[in-house]
Each structure stands twice: as C-alpha cells, then as structure tokens.
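1. Sequence first, predicted coordinates after that:
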Amino acid sequence: MADAKAVPRITASSRWARQTRHGDVFFWLLTLFFALVIIGLVVVVGVVTYNGSAEARAAYGWSFLWGTDWNPIETELYPVSFGAWPAIRGTLLSSLIALILAAPTGVAIGIFLSELCPLRLRQPLGFMVELLAAIPSVIYGLWGVAVFANWFNNWVANPIANTAGQFVPWLSGPIAVSRGLAITGTILAIMILPTVSAITRDVLQAVPNHQREAMFSLGATRWEVIWGAVVPYARAGIVGGIMLGLGRALGETMAATMLVGNSTRIEQSIFMPATTAAALIASELPNSVSLIHESSLIALALALFGITLLLNVIARYLVWQTARGPAGEKV
Amino acid sequence: MAVATQPALATQTAHSMTVRGLKPFYGKRLAVQAMDLDVRPNQILALIGPSGCGKSTVLRCLNRMHELIPYAHAEGLVKLDDINIYAPGIDPALVRRKIGMVFQLPIALRTRNIYENVAVGLRLGGIKNKAELDARVEKALRDANLWDEVKDKLHLSGMALSGGQQQRLSIARTIAVEPDIILFDEPCSALDPISTLRIEELLLSLRQRYTIVIVTHNMQQAARISDRTAVFMVEKTDDVPIGVLIEEGPTEQIFSTPKDPRTEDYISGRVG
C-alpha cells in the first residue's frame, strides 16, 4: 500500500468480485489435461496389448498363463506352442529373491541414515545411496556377467548347493555358469536397494520428533525408540517403498536379459537358467518367427501388466491396512 | 529389571535435585550461564522467563534429554538425591526413567491404543504380567484424572482424544513408571483454559507424591501452583544471546518483593 491511489475503489459490485479468475481456470484446465493424459496412457497400453494379443488369446485362452511349453519353432519332438508360465514363474521368483534380499537391507540402511547416522555423514551417505539408483541397468548387467557371476558361483551358489542343496531340491546343483534365477534376483536386489532405503529414510525423517522424545523420556534406548515408535509410525510408507522396489524388479529388462540365461525350460534349481517375462519379450519380439509368436509375446506383456497391476493393488491394500493404525484414529 | 537392582538410584520417599554450575551448550555456544538450583522434595518449582532465556534447555538438562539434540551437551553437576546423573557410567535411559518428562505438545504415540500409550513405559521396564500391567495402567489413568473418560475405550487410538485428554494421557504415561521427579515443559501452552485448569489441579495433587519442576510462559500459572520460582532472563554479550538465572526464591516473595528489578519488570509485564 505504498500509493493510496493505486488501491481500487471498493464499490458494492466490485467488493466481492474475484480478482484472478482467468489464471485459476487456465491452470485448472492445464493440470486436468495432464492428469487425463496419465489415464489415457494406461488405457492405450491396455488396449494395444489386448488387441495385439488377440491370436494368442484365441488359440490358448486363459491356459496361456499356466502353459509350460514355449516353442516358437516346430521340431520333430515339440510342436509349436506358447505358454507363459516359465516366464511368469521366472519373473515372480527373481523378484521374490530380490525382495527377500533388498527389503531388510534397504530398511536397515534407511533406519541408519535417518536415526543413527552421525549428522556429518548423513548427507554424503544419502547421496551415495541415491547415486546407486542412477546407474543404468545395462551396467549392472555387465558387472553381473563380467565380475559378480564368478564371485557368486564360488561363494554363494556352490556352498549353498553343496550344503542346503543336498536336502532342498530348488537350492540344489547343477549350477549354470554365471546365469540363473538366483544371480538375477541378487542383482535386482542391488538395483532396488536405493529405492527401498531412500524411501525408508524419507518416511522415517517425516516422523515427528515428539514421538521419539516421548519414548526417550520414558527411558527407552535408541533401539526401543526406533522399533517401539518410529518404525511403527512409518510402516505404511516403508511398505510403499518396498512395493515400489518390487515394481522395478518385476519390470527390469536389461539386467535380467543379460543374467537370467533366457531358457524357457522350467528347471527346479534357482541356480539354473530361466527367463523372465520382460527378458523373453525383449529378446524374442524383434525377431519373432510367426504371427502367433508375436501375438503370444504381446499376450505375455499383457500378463506382466496385469501382474504389476495386481501387486500394486495388493500393496495399496496393505498400506491402507497398516496406515489405519489402532481403531478410532482420525486419519 | 535393572532399575530395581541399581543401588545408585534406589528409591526414597521424597526426592530432591541439586544443580551446581550447570552449563548447557549447543555446539560450542553456551546457552545458559553457569547456574545453581535446588529442587526441593514434594514441591513445585516453576521456571519462568521470556522466550529464549534457556528455561526449557535447563529443564531438559535435568533428565539428560538435552544431549539428544545433535551437537548439544551439558557440563556441570546435576544430582538426583546424592547421585550425579552426569557421572561417567550412568545410563541416560535409566536417568530418564527416574526423572520423567511431559512436553508442551500432548503426545499420543500414534501407533498405540490408549492402554498401550500408558503401558509402554512399564513394558520398557520389563513388566509383562497382564494383571500387573492392567492394575498400574488403571492407577496411572486414575491419578491423571482420565480414567472415567477413557475406561470404555482403552483399545481406541490415543489420537481420538481431545488435546487436553491427550495431555493427561501423556501425564499418565509418565507417572505409570513412578518416577522420582517429573519435569513439565510448558504443559498447558497448547491447551484451552478449562483443560489448563484440570492440568493445574492435577499438578497440585501430584505434588503430594512427586517432586515437580515446571517451565511455564504463564506467570499466573506459576503464581497459582508453584512453591518456588526461578526467573531467567536473556542477556546479550557481543550480540550473542545467553540465558541467565537471575533470581530464585519462594513464589510469594518473587511475585511480591523481587530482589532483582528485572524480575519486577518481567512479572509486571514491562519485559518479555
């Protein structure tokens, strides 16, 4: 109000009129458009994969999902046939291995960064964790093939196969040289680790400090504060972070293609080659041999789309369940 | 548990605290000039003063909560009865179990129901027996004048309670573990007048069993409930503000015939 003359005169009609209508409406329309683009993209992906997989769906129906044979080329022993189960099984198993390895580790890293890390280390360490997420997946794959595979065979796969593998069939040998479900899952675990730990750290840091202080003032140790108040408070967000990581593992293509072995035979042992949906599509779609082959690959894509959608719904439900907390809470 | 067997902090009937040469630091910055203070048994000691005078900092030094702030530490002697709580080898968690604290914001632990909000300290102390837990939770809630309002909804979240109820819940949680001293850090500043009144009544009844130190912005509150009052001021040396304890004495004397003119200015509303 530097200049009194600049203030518009208030009259009966102008007094309650809104001053900035057009900008608001424009901004609202713009953001609405972008939001609709998201919905449109999901629908387009769904429609394209659905239409593209028409032949395969007509030929196999739902049994496509649990069919165990994937033979694009007719041989004397095997007729042409397409079943998605080897790829779906490989996808689920490699992601499960990744989840088992990355969830506890990532949550532990997040807890350390948020609750225990000395302040001067917090920034650089957090930066490094986020840097891990920026490494292209082809580099993970390359490193996995060239460096990690050898180490993994000597120090993980062989010892396990020689001990627990004697009694548990799916941990048994023989061990394929540097290709298989187990090593793929391990590399996927490393890839999703930054996602899990960064989100865990962020949701833990968002826990109000008074929740910690109330526990400390009762004589709780740091461990008791973390497990008694901080982690329970943030559990919904932690589950969300793990699920985001799982989503990445399910869809990861390049590193999986390089490491999983691309075999559509179902092997009992997790140390043997297998395939994942993403790896199979990536490796076969560019040189598909027939219309039904291409259509089946697209049907597989549709199945993968459905699996990720389903897991996301389950994750949402879990988050919603845990977010409610004790009954009677106003959320 | 360890609490009971620790001879150093053995239980007495009435407890006192002695502060000698206490210097709280934030990093290298001294927050309050070296100060002495006596907390007498079964009395309420009020710490008053304008914002930034360090009264909350001093309070948090009394149960070693201060050092939980990054880079903060305290020097000097703080004794609970005849034990120096800053002596090497003393477990700060144990100190905090003996010297409880109630904060400015009512805190309901979000992921626990009302019962567990009170039982949490007992569980930390290793009590697992359901009957004992039930009995002590009920006693704490009764002592906090909250039992009648929550006895039918102990399984509900503490977040469902009003602000005043949540503050009494915080008090119940603190007294459930039967500490020797209870520290209150502006317990009423987020509450409405009626809730404030109820908390003040509660403080007066707790005084019969506990020794209490309370930080308050509200001078009338200090006058109403405290036995003794300590007045803090902010002084500036080289433009760096520093808290100073300027006067301590019986509340009546502080409010009627203060020795320091700054106290008179403060309580008559000319400063702060």
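-> Thanks, I have the structure now. Numbering: from 1, shown residues only, chains lettered A, B, ... in the order given.
2. What helix or strand is the residue nearest the centre of chain A located in?
-> For chain A, the residue sitting closest to the mean C-alpha position, by C-alpha atoms, centre = their mean, is residue A:247 at 2.1 Å. According to DSSP states H and E, residue A:247 maps onto helix A:231-251.
3. Any residues of the stretch 51-200 of chain B in contact with chain A? List them.
-> Applying C-beta under 8 Å from any C-beta of the partner chain, one finds that the stretch 51-200 of chain B approaches chain A through B:63, B:65, B:68, B:70-71, B:93-98, B:100-101, B:103, B:105, B:107, B:109-113, B:120-121, B:124-125, B:153, B:155-157, B:159-160, B:170, B:173-174, B:177. To be clear about C-beta, it is placed using only N, CA and C from the backbone, and glycine gets the same treatment.
4. Show only the entries of those residues found in strands.
-> B:100, B:101 (DSSP state E).
5. and residue B:243, that one's in a strand?
-> Yes: under DSSP: H, G, I helix; E, B strand; the rest coil, residue B:243 sits within a strand.
6. Just give the number of residues close to it.
-> Residue B:243 has 24 neighbouring residues, counting by other C-beta atoms under 10 Å in any protein chain shown.
7. Any idea what it is bridged to?
-> Under the criterion DSSP bridges, residue B:243 forms beta bridges with residue B:32, residue B:234.
8. could you pull out the helices for the stretch 101-250 of chain A?
-> A:119-134, A:137-143, A:149-152, A:158-162, A:181-205, A:209-216, A:222-225, A:231-251 (DSSP state H, counting those that start in this stretch).
9. How about chain B?
-> Here chain B has its helices, by DSSP state H, at B:2-5, B:55-61, B:92-98, B:114-124, B:130-143, B:147-150, B:163-176, B:193-206, B:219-225, B:251-256, B:261-267.
10. The ones you listed: which one's closest to residue A:273?
-> Closest approach to residue A:273 among those is made by helix B:114-124 (50.7 Å; C-beta to C-beta).
11. distance between the closest one and the chain's centre?
-> Here helix B:114-124 is found 19 Å from its chain centre; the criterion is C-alpha atoms, centre = their mean, to the nearest Å.
12. which stretches of chain A aren't confidently modelled?
-> A:1-21, A:322-331 (pLDDT under 70).
13. and residue B:162, how many residues sit next to it?
-> Neighbours of residue B:162 using other C-beta under 10 Å come to 13.
14. hmm, back to that, now the helix holding residue A:247 against helix A:209-216, angle please.
-> In terms of direction (axes from the mean of the first three to the mean of the last three C-alpha atoms, to 10 degrees), helix A:231-251 departs from helix A:209-216 by 120 degrees.
15. can you count the residues close to the residue nearest to residue A:136 when sequence neighbours are not counted?
-> Nearest non-adjacent residue to residue A:136, counting by C-beta to C-beta, 6 or more residues apart in numbering or on different chains: residue A:254, 7.9 Å away. Residue A:254: 17 surrounding residues under other C-beta under 10 Å.
16. just residue A:123 next, same as before
-> For residue A:123, using other C-beta under 10 Å, the count is 11.
17. ditto for residue B:157
-> Neighbour count for residue B:157, taken as other C-beta under 10 Å: 24.
18. Residue A:155 too?
-> Residue A:155: 10 neighbours (other C-beta under 10 Å).
19. Report the contact partners of whichever residue of the stretch 51-200 of chain A sits closest to chain B.
-> Using C-beta to the nearest C-beta, the closest approach of the stretch 51-200 of chain A to chain B is made by residue A:119 at 5.2 Å. Shown in contact with residue A:119 (C-beta atoms under 8 Å, 6 or more residues apart in numbering or on different chains): B:70, B:71.
20. Now do the end-to-end distance for stretch A:206-222.
-> Distance between the two ends of stretch A:206-222: 17 Å, counting by C-alpha to C-alpha, to the nearest Å.
21. That one close to chain B?
-> Yes: contact of stretch A:206-222 with chain B (C-beta under 8 Å from any C-beta) involves A:210, A:211, A:213, A:214, A:215, A:216, A:217, A:218, A:219, A:220, A:221.
22. Okay, buried residues for that stretch please.
-> A:207, A:210, A:211, A:212, A:213, A:214, A:215, A:216, A:217, A:218, A:219, A:220 (16 or more other C-beta atoms under 10 Å in any protein chain shown).
23. you'd agree the fourth one is up against residue A:225?
-> Yes: with contact defined as C-beta atoms under 8 Å, residue A:212 and residue A:225 form a contacting pair (5.3 Å).
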